[in-house]
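**Student:** Below is the structure, and that's it, no one-letter string:
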């Protein structure tokens, strides 16, 4: 295990995982271990992950939930000696300098929340590229008011679970990602708020960039997607939670 590990939870991501693997193989900083956690896939996801040309570990996690699978990966990496932890998702495309940028940021921060932009290869519309992200940023301002209190050591920031970097020390100290099913709650917000109780070195980094898929937004529409991210105020049928 390298000092820096990239954690990727994956469930039936055979179609989009190769794109992520190619983006990681093209990173300017290759000094990392990729940890892919197969969350009960039936489409050959684990086999695809194992073909990554760099240092890779493929784990299985039968208990459903992106947070659960991510936690399994984080803790495996920590047990192996990693001190810097990055997370993205199998349907994402990190920028070429993503690993290098995160490494530098973790020299002076304990948790870094990066920026999410639409995947260019999904040809986003103007609304998908500009209007929807602006609404998300506006909602994050509400989050600063909603998630406040004397227990927190720093303000709330916009967080995307598919683009975070955290030190192993803070991850263990705060409890990390909740082990719960995807529909139970926003695991990225839960981890952020846990971390805010233990550190004031939490930053939002607009230059730490990951392209994310529009598939959920296109399947559910803007209103339902926003309500989903807002503490799961929209909950589809269990079979429809994973958009593939």
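**Tutor:** That came through fine. Given the structure is predicted, the values throughout are model-derived calculations rather than measurements.
**Student:** For this structure, just list every one of the helices.
**Tutor:** 17-25, 45-50, 66-79, 98-105, 126, 132-146, 168-174, 187-196, 215-220, 222-229 (DSSP state H).
**Student:** would you turn the ones you listed into TSV with mean pLDDT?
**Tutor:** Below are these laid out as TSV (pLDDT from 0 to 100):
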stretch	mean pLDDT
helix 17-25	98
helix 45-50	97
helix 66-79	97
helix 98-105	98
helix 126	96
helix 132-146	90
helix 168-174	98
helix 187-196	97
helix 215-220	95
helix 222-229	92
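**Student:** With distance to residue 117 and mean neighbour count added, can I get these in CSV?
**Tutor:** Backbone N, C-alpha and C define where each C-beta goes, glycine included. Shown next, in CSV, are these (distance: least, C-beta to C-beta, whole Å; neighbours: other C-beta atoms under 10 Å):
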stretch, distance to residue 117, mean neighbour count
helix 17-25, 13, 19
helix 45-50, 24, 19
helix 66-79, 20, 23
helix 98-105, 12, 20
helix 126, 14, 8
helix 132-146, 7, 13
helix 168-174, 26, 18
helix 187-196, 17, 22
helix 215-220, 13, 16
helix 222-229, 16, 16
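**Student:** distance from the centroid: which residue in the protein tops it?
**Tutor:** residue 150 (27.0 Å; C-alpha atoms, centre = their mean).
**Student:** Per-residue pLDDT of that one, please?
**Tutor:** You'll see residue 150 listed with a pLDDT of 96.
**Student:** right, and the helices of the chain - which one's nearest residue 113?
**Tutor:** Residue 113 lies closest, by C-beta to C-beta, to one member of the helices of the chain: helix 187-196, at 7.0 Å.
**Student:** related to what we said a few turns ago, looking at the helices of the chain, which is nearest to residue 156?
**Tutor:** helix 132-146 (4.6 Å).
**Student:** ok, now which ones touch residue 187?
**Tutor:** Contact analysis of residue 187 by C-beta atoms under 8 Å, 6 or more residues apart in numbering lists 65-67, 70, 161, 177-178, 180.
**Student:** For this protein, which residue occupies the most central location?
**Tutor:** residue 162 (2.1 Å).
**Student:** how much space between the residue nearest to it when sequence neighbours are not counted and residue 67?
**Tutor:** Closest residue in space to residue 162, ignoring its immediate chain neighbours: residue 89 at 3.9 Å, by C-beta to C-beta, 6 or more residues apart in numbering. As judged by C-beta to C-beta, to the nearest Å, residue 89 and residue 67 stand 12 Å apart.
**Student:** Over to residue 165?
**Tutor:** With C-beta to C-beta as the criterion, residue 165 and residue 67 are 17 Å apart.
**Student:** And for residue 218?
**Tutor:** Counting by C-beta to C-beta - residue 218 and residue 67 are separated by 24 Å.
**Student:** Could I get the pLDDT score of the residue nearest to residue 235 when sequence neighbours are not counted?
**Tutor:** Closest residue to residue 235 apart from its sequence neighbours, by C-beta to C-beta, 6+ apart: residue 183 at 5.7 Å. If you check residue 183, the pLDDT there is 86.
**Student:** Neighbours of the residue nearest to residue 188 when sequence neighbours are not counted, how many?
**Tutor:** Spatial nearest neighbour of residue 188, excluding adjacent residues (C-beta to C-beta, 6+ apart): residue 161 at 3.3 Å. Using other C-beta atoms under 10 Å, residue 161 has 23 other residues around it.
**Student:** Specify the strand with the largest residue count in this protein.
**Tutor:** strand 202-212 (DSSP state E).
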